[in-house]
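Student: Okay, structure incoming, though there's no sequence with it:
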């Protein structure tokens, strides 16, 4: 199993550009989520999905869109990038039911918006 | 709104010494996770604590959970340099459809020196 994979690893955007961060998992996990990590603030939940076709907002959803057409993929879209979106983005997945719902994190995408 | 606070945020330890990292959270939850993060890397799951009084140990690390006090501790015994990293606690809350909405503490940067 590859686990949780993310592409790209690094990205530089100019203000106003759009892009999609890719996330895929091969563990047949129902639950997938996106977090951003900023210095001194831990990780904050952006959006999450409990299954294909179902998404919801987390703590910091503004400026980001998601969709979930398959169990395996959960892309995160930045419609018009802003410098405040400079951050490291992590995708995570887990089983939806079950005792511990331990989340597995991808390697991250480091995004810089100029 | 759920708040998760860790202390200390910075911890400089001598090899061979013991210390404890504290994780306090503001609302009822029975699921708490500890993660380790090395610089530039993703999050590695250390412990999953699911019930009041839960205690788990792995090597020189031991984690415990007191849901009544809303407190988890990560105890480090006889620290070694390899334990230098950032440690996060994260509290899981039920969204109405599933668990998986993690709220993270700010992280504790641990440095172990000779």
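Tutor: Alright, I've got the coordinates. No experiment lies behind these values; they were computed from the predicted model shown. Numbers count the residues shown, from 1 in each chain, chains lettered A, B, ... in the order given.

Student: use CA for all of it now, contacts and neighbours both
Tutor: Fine.

Student: Mind telling me which residue of chain A is nearest chain B?
Tutor: residue A:42 (4.3 Å; CA to the nearest CA).

Student: That residue touches residue B:109, doesn't it?
Tutor: No: using CA atoms under 8 Å, residue A:42 is not in contact with residue B:109, being 11.3 Å away.

Student: one step back: what about the residue of chain A closest to chain B, distance to residue B:3?
Tutor: 12 Å (CA to CA, to the nearest Å).

Student: Common neighbours of those two, please.
Tutor: residue B:105 (CA atoms under 8 Å, 6 or more residues apart in numbering or on different chains).

Student: Show me the beta-bridge partners of residue A:37.
Tutor: Listed beta-bridge partners, residue A:37: residue A:43, residue A:88 (assigned using DSSP bridges).

Student: And residue A:65, which helix or strand is it part of?
Tutor: In this assignment (DSSP states H and E), residue A:65 forms part of strand A:64-66.

Student: Could you report the neighbour count for residue B:46?
Tutor: 18 (other CA atoms under 10 Å in any protein chain shown).

Student: ok, it - contacts?
Tutor: Contacts of residue B:46 by CA under 8 Å, 6+ apart are B:33-36.

Student: Repeat that for residue A:94.
Tutor: Residue A:94 touches A:29-32, A:101-104, B:100, counting by CA under 8 Å, 6+ apart.

Student: same thing with residue A:106?
Tutor: Contacts of residue A:106 (CA under 8 Å, 6+ apart): A:3-6, A:23, A:90-92, B:42.

Student: what do you get if the cut-off is 7 Å, keeping everything else the same?
Tutor: A:4-6, A:90-92, B:42 (CA atoms under 7 Å, 6 or more residues apart in numbering or on different chains).

Student: Name the nearest residue to it, sequence neighbours excluded.
Tutor: residue A:4 (4.7 Å; CA to CA, 6 or more residues apart in numbering or on different chains).

Student: for residue B:4, same thing?
Tutor: Closest to residue B:4 by CA to CA, 6+ apart is residue B:25, at 4.4 Å.

Student: Equivalent analysis for residue A:90, please.
Tutor: residue A:108 (4.6 Å).

Student: Any idea how many residues pack against that neighbour?
Tutor: With other CA under 10 Å as criterion, residue A:108 counts 27.

Student: What of residue A:41?
Tutor: 12.

Student: and chain A, which of its residues are near chain B?
Tutor: A:40-44, A:96, A:100-101, A:105-108 (CA under 7 Å from any CA of the partner chain).

Student: biggest separation within these, which pair?
Tutor: A:40 and A:96 (29.3 Å; CA to CA).

Student: Look at those two and report which has more neighbours.
Tutor: Each of residue A:40 and residue A:96 has its neighbours counted (other CA under 10 Å); residue A:96 has more, 21 against 12.

Student: circling back: elements contacting the strand holding residue A:65?
Tutor: strand A:76-78 (3 or more CA pairs under 7 Å, 6 or more residues apart in numbering or on different chains; DSSP states H and E).

Student: which other helices and strands contact the strand it packs on?
Tutor: Checking 3+ CA pairs under 7 Å, 6+ apart, strand A:76-78 ends up next to strand A:19-25, strand A:64-66.

Student: would you list the contacts of residue B:46 in CSV and tack on neighbour count and secondary structure?
Tutor: Formatted as CSV, those follow (neighbours: other CA atoms under 10 Å in any protein chain shown; DSSP: H, G, I helix; E, B strand; the rest coil):
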residue, neighbour count, secondary structure
B:33, 23, strand
B:34, 23, strand
B:35, 18, strand
B:36, 21, strand
